[in-house]
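1. Show me how the following folds:
(one chain, ligands or ions: 1)
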Amino acid sequence: MLLHSSTRRKGVTRALSIGVGVVAIALLATACSSGGSPGTSSSGDKNYKITFLPKNLGNAYFDTSDKGGAAAIKSFGGTYSEVGPATATADAQVSYINTLTQQGVGAIVLSANDPTALGSSLTQAKSAGVKIVTFDSDTDPKYRDVFVNQATAEGIAKVEVDSITKLIGDTGEIAILSAAANATNQNAWIDLMKKDLAANHPNVKLDAVVYGNDDDQTSFDKTAALLQTYPNLKGIVSPTTVGVAAAARYLSTSAFKGKVQLTGLGTPNQMRSYVKDGTVTGFALWNPEDLGYLAAFTAKALVDGTITGKTGDTFTAGKLGKFTVGDKATVLLGDPFVFNKDNIDKFNF
Ligand code: RAM
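-> Below you'll find the predicted structure:
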């Protein structure tokens, strides 16, 4: 779907796909920490007022992705801002979209809490000339110009299923602790995980999918409830950075530590202590900072008219190199990466 043409990104993508090699770690660590800028350019008459609207504020994942967006926007002389709700709901995002449209921003970079509920506010924004980039969690494609995807849904689902089934010896009961019930990204991953489980893991039973709403306390409480409701539970998969950290915190001080396996999508900084104390063996993610950086450059390319969302459109995203718009107006960052005790200290996000 996406074709990277920069040598460095090719190296990162290829290395990540083979796992945890030293080269991969070095490259990813460099990409994570690089503050390098491709040089500034004047915005001229282009509307480079670009606002990030994450699912929620106070989520370390979006703090990191939006930091990448801010760096990118600074590098091309635009104006970065971030707004967002305290809770990860679509309703709360609508009012921000309406306000940003009234303010005449050039682009909104959005992680959507629902695939359709933002539709009418996004349609109004687009009619007013605002470019809409979804990143991390998409809307229905008709409501946005381009989606910047962190990794393919298939790749993310596979790494999750492979990890949990390996951890429980491919037999027994598992549950999923997700984010918000309508989150486009988690729901796409969970659908594919269910298919993979049904087709390839006949002895693994998915007891339940529960929703912590990307809220720490709710996720913590849902973890406790899962363990109580399903006494034979052998594993939990939490494909949300908020959920997996809250579940790990619960397990780490409970009698289930080391007995009930946990994996999911997490940030190294939030998961480090749980990997070190043996609560968690491994988890996956991509580089959120690069995701935000790429999303910001995608917004710029739309504002510039370099891309419109047509398949085959190409643009350059600063230090990340050249990207090509793929099917359904999607730009792909790369592959998920697995973190474990051997590599986690190389990362700081
Ligand atoms: C949470 C959010 C985000 C997701 C990550 C993995 O921070 O739900 O959308 O991509 O987890």
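2. use CA for all of it now, contacts and neighbours both
-> Noted.
3. Enumerate every residue touching residue 279.
-> Listed by CA atoms under 8 Å, 6 or more residues apart in numbering, the contact set of residue 279 reads 248, 251-252, 257-258, 261-262.
4. For PyMOL, write the selection for the buried entries among these.
-> The buried residues among the contacts of residue 279 can be selected in PyMOL (16 or more other CA atoms under 10 Å) with this line:
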select buried, resi 248+251+252+257+261+262
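5. Residue 64 contacts residue 289, correct?
-> Yes - when contacts are counted by CA atoms under 8 Å, residue 64 is listed as touching residue 289 (5.2 Å).
6. of all of the protein, which residue lies closest to the ligand?
-> Relative to the ligand, the nearest point of the chain is residue 240 (3.3 Å; CA to the nearest ligand atom).
7. Just give the number of residues close to the nearest residue to that residue once chain neighbours are set aside.
-> Using CA to CA, 6 or more residues apart in numbering and skipping the chain neighbours, the partner closest in space to residue 240 is residue 265 (5.3 Å). Residue 265: 27 surrounding residues under other CA atoms under 10 Å.
8. can I assume residue 299 is in contact with residue 105?
-> No - using CA under 8 Å, residue 299 makes no contact with residue 105, being 11.3 Å away.
9. With neighbour numbers in mind, choose between these two.
-> The neighbour comparison of residue 299 against residue 105 (other CA under 10 Å) goes to residue 299, with 29 against 20.
10. is it fair to say the more buried one lies in a helix?
-> Yes - according to DSSP: H, G, I helix; E, B strand; the rest coil, residue 299 belongs to a helix.
11. check contacts around it.
-> 50, 107-109, 131-133.
12. how near is the nearest residue to residue 310 once chain neighbours are set aside to residue 141?
-> Of all residues not flanking residue 310 in the chain, residue 329 sits nearest, at 6.2 Å (CA to CA, 6+ apart). Residue 329 sits 8 Å away from residue 141, taking CA to CA, to the nearest Å as the criterion.
13. Backbone dihedrals for residue 187, please?
-> Taking degrees, to the nearest 10, you get phi -70, psi -40 for the backbone angles of residue 187.
14. can you map out the helices along this protein?
-> Under the criterion DSSP state H, the chain carries helices at the ranges 7-17, 22-33, 60-75, 90-103, 119-127, 153-167, 184-200, 216-229, 241-252, 268-276, 288-304.
15. Output the ones you listed in TSV; the columns should cover mean pLDDT.
-> Shown next, in TSV, are the helices of the chain (pLDDT from 0 to 100):
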stretch	mean pLDDT
helix 7-17	33
helix 22-33	40
helix 60-75	98
helix 90-103	97
helix 119-127	98
helix 153-167	98
helix 184-200	98
helix 216-229	98
helix 241-252	98
helix 268-276	98
helix 288-304	98
